[in-house]
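Colleague: test case, fold it:
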Amino acid sequence: MKKQTEMVNCYESACANNMVVMSTNFQHKRIHKITWLSPYQNTVSQTDHTIINANKKGIIEDVKTMRGPSIDSNHFLVKAVIKQKLSVTYKKKMKPALKWNNINLQNPSKLKENRSLLHTKLINLVPKQEINDEWEQIKTATVDAARDVIQTHSTAPRNDWWDEECKKIIQEKNEARKKWLQLKTRIGWNTYINKRNQANKICTQKKKKWLSNKITQIEENHRRNEAKKFFEGIRNDKQQVTLPTICKDAEDNVISQPDLILERWKDYFSKILNISEAIDIQTIIREHTNNQPQIPLPSYNKICFIINNLKLKKAAGSDNIPPELLKHGRRTLKQKLHKLILMIWYNKQLPQQWNEGIICPIYKKGDRLNC
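Modeller: Numbering: from 1, shown residues only. Alright, predicted model coming up:
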């Protein structure tokens with residue numbers, strides 16, 4: 001009686017809001033209409049439906065029940081085939097940052113092999129007259145050599161506790177469910193329930209054990225003062241923070257278009273980072289250079305000293321070159337970088353990529369929609 005009342009309320013709500021029930025508009029076999037089966041297999045019903053606005057009903061091409069997928073419930077999945085034409089808009093795809101294999105970055109033999117390959121690539125480069133071209137070929141050679149030797153970090157499994165035992169018991173549970181759906185006997189139902197309970201028990205135990213070991217490892221890293229491993233362990237378990245998809249403009253109007261949002265952030269940082277008043281740059285240069293001795297050209301030894309004193313285990317920028325690759329690149333790479341810096345010195349121009357920066361807004365307080 002309660003279910004009938006809920007269905008009546010559902011239909012009344014659909015009619016009142018100009019909506020239609022699409023689940024009953026297509027001809028199928030009886031097994032593809034049933035959405036609920038009682039535990040004792042003596043009662044069936046079509047209680048789950050697909051409802052859509054009347055002016056959009058043409059996009060649904062088919063609706064039927066899927067008995068194969070197991071969701072550990074007396075209900076079956078309802079599949080709807082939707083054909084919707086979406087407007088195509090061009091979006092510039094950002095290349096994901098390369099995550100290098102940290103173990104190989106600390107392996108002396110791998111670093112030596114990478115240095116040899118990088119030396120071979122750099123000596124074959126043809127000098128360029130343009131600063132951007134010269135930097136681009138140095139960066140490409142460095143990244144390609146590291147990709148071949150150091151290699152990128154393999155994607156970690158989503159659930160570390162998932163193993164062959166879990167796969168086996170889940171497969172047995174799914175097979176028991178298929179047999180029960182085919183024969184629909186009391187023995188088949190009991191077998192399926194037992195397998196389902198066993199699968200839930202094994203997976204829960206393994207997940208608890210894995211979580212306990214991970215917490216112990218995080219505590220051990222904190223006790224040993226290994227900050228990098230400690231924060232990595234915490235960061236992997238935290239939810240990934242995504243940037244807001246809407247914000248407010250200067251007049252407190254909410255905007256949701258990606259182009260307008262980027263333009264709003266651009267204006268915001270331009271006002272903060274750039275000087276509003278017009279200032280004569282040449283006057284500032286004369287004031288600061290007249291009272292100071294002439295700065296000498298950056299020497300090769302100075303460049304080597306700076307590279308050798310780089311701090312390791314730091315994140316790479318948009319060029320995907322971590323400090324380890326620069327520090328262990330040795331003489332050939334340092335000579336190339338010294339020549340590039342001299343070109344920058346004489347031409348008074350930086351490579352375009354060196355002007356790029358990665359900005360990650362961090363919410364602290366106030367309205368989240370405000371820049």
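Colleague: C-alpha from now on. contacts and neighbour counts both.
Modeller: OK.
Colleague: phi, psi of R177?
Modeller: phi -70, psi -40 (degrees, to the nearest 10).
Colleague: residues of the host helix or strand of W345 that come out buried?
Modeller: Under the criterion of DSSP states H and E, W345 resides in helix 330-347. For helix 330-347, a neighbour-count test (16 or more other CA atoms under 10 Å) marks 330, 332-334, 336-338, 340-341, 343-344 as buried.
Colleague: which residues touch stretch 162-182?
Modeller: 68, 70, 188-189, 191-192, 195-196, 198-199, 202-203, 206 (CA atoms under 8 Å, 6 or more residues apart in numbering).
Colleague: the residues you listed in helices, which ones?
Modeller: Among those, DSSP state H puts 188-189, 191-192, 195-196, 198-199, 202-203, 206 in helices.
Colleague: D48: which of those residues is nearest?
Modeller: Each of the ones in helices among the contacts of stretch 162-182 was scored against D48 by CA to CA, and W189 proved nearest at 22.5 Å.
Colleague: okay, now the closest one: neighbour count?
Modeller: W189: 20 surrounding residues under other CA atoms under 10 Å.
Colleague: coming back round to it: pLDDT on the helix holding W345, on average?
Modeller: In this model, helix 330-347 carries a mean pLDDT of 92.
Colleague: how far away from the center of its chain is that helix?
Modeller: Put simply, helix 330-347 sits 35 Å off its chain's centre (CA atoms, centre = their mean, to the nearest Å).
Colleague: over to stretch 353-363?
Modeller: On CA atoms, centre = their mean, the centre of stretch 353-363 falls 17 Å from the chain's centre.
Colleague: mean confidence for it?
Modeller: pLDDT averaged over stretch 353-363 gives 78.
Colleague: returning to what we had before: by contact count, what packs against the helix holding W345?
Modeller: helix 108-123, helix 131-149, helix 300-308 (3 or more CA pairs under 8 Å, 6 or more residues apart in numbering; DSSP states H and E).
Colleague: which residues touch the first one?
Modeller: For helix 108-123, contacts defined as CA under 8 Å, 6+ apart pick out 104-105, 138, 141-142, 145-146, 149-150, 328-330, 332-333, 336.
Colleague: could you rerun that using 10 Å?
Modeller: For helix 108-123, the external contacting residues (CA atoms under 10 Å, 6 or more residues apart in numbering) are 103-105, 137-138, 140-150, 324-326, 328-333, 335-336.
Colleague: between the two ends of stretch 66-77, how far is it?
Modeller: End-to-end distance for stretch 66-77: 5 Å, by CA to CA, to the nearest Å.
Colleague: now swap in stretch 296-304 and tell me
Modeller: OK, stretch 296-304 end separation, CA to CA: 16 Å.
Colleague: burial of N200, as a residue count?
Modeller: 14.
Colleague: quick one: residues contacting it.
Modeller: 166, 169-170, 194 are the contacts of N200 under CA under 10 Å, 6+ apart.
Colleague: of these, closest to K271?
Modeller: Scanning the contacts of N200 for proximity to K271, where the rule is CA to CA, the winner is C166, at 55.9 Å.
Colleague: list the buried ones in the helix or strand that contains the closest one?
Modeller: Here C166 sits within helix 164-183, counting by DSSP H and E. Buried residues in helix 164-183, counting neighbours by 16+ other CA under 10 Å, are found at 166, 169-170, 172-174, 176-178, 180.
Colleague: just put those in a markdown table and tack on distance to I358 and pLDDT.
Modeller: Formatted as a markdown table, the buried residues of helix 164-183 follow (distance: CA to CA, whole Å; pLDDT from 0 to 100):
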| residue | distance to I358 | pLDDT |
| --- | --- | --- |
| C166 | 41 | 91 |
| I169 | 46 | 93 |
| I170 | 44 | 92 |
| E172 | 49 | 93 |
| K173 | 48 | 93 |
| N174 | 47 | 91 |
| A176 | 52 | 91 |
| R177 | 51 | 89 |
| K178 | 52 | 89 |
| W180 | 56 | 86 |
